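Q: What follows is a predicted structure for the sequence shown.
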Amino acid sequence: QVQLVDAGGGLVQAGGSLRLSCAASGRTFSNVCMGWFRQAPGKEREFVAAISRSGRTTDYADSVKGRFTISRDNAKNTVYLQMNSLKPEDTSVYYCAASTDRYYGGTNSVNYDYWGQGTQVTVSS
């Protein structure tokens, strides 16, 4: 079992920045691959970013590439999502996700077994 607590959301103006964090517990964090997904009202959950167990492999949705950065600190059992140059279309509930049975979860949400409770990000124009 992995417990995830994500935080850091809030209200920000377009062009601003936020950093989301997701604290994991229950398993050795270096054995857990992580991802971030988001879901806006009336839309399906979509992939945002993913990072491998070691942190050496990362991937991003085209819509956030160059603006968002995923990183992890295995000593702190935490994964981060640094979001810069935010746009109103980034408004969503953001969820961190984890998998313990693969090195890298990639873009597909079915590859992840554990989910945080979500944190709201609202970008005003």
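A: Yep, it's here.

Q: wait, doesn't residue 102 sit right on residue 110?
A: No: checked against Cβ atoms under 8 Å, the pair residue 102 and residue 110 is beyond contact range at 11.4 Å. C-beta here means a position set from N, CA and C on the backbone, and glycine is covered the same way.

Q: Tell me how far the residue lying closest to residue 78 once chain neighbours are set aside lies from residue 72.
A: Nearest-residue entry for residue 78: residue 23, 5.1 Å, with adjacent residues in sequence omitted and distances by Cβ to Cβ, 6 or more residues apart in numbering. Summarising the geometry, the distance separating residue 23 from residue 72, computed by Cβ to Cβ, to the nearest Å, is 11 Å.

Q: so what sits against both of those two?
A: Residues touching both residue 23 and residue 72 (Cβ atoms under 8 Å, 6 or more residues apart in numbering) are residue 78.

Q: Which one's more surrounded, the two?
A: Taking other Cβ atoms under 10 Å, residue 23 and residue 72 do not tie; residue 72 has more neighbours (23 against 16).
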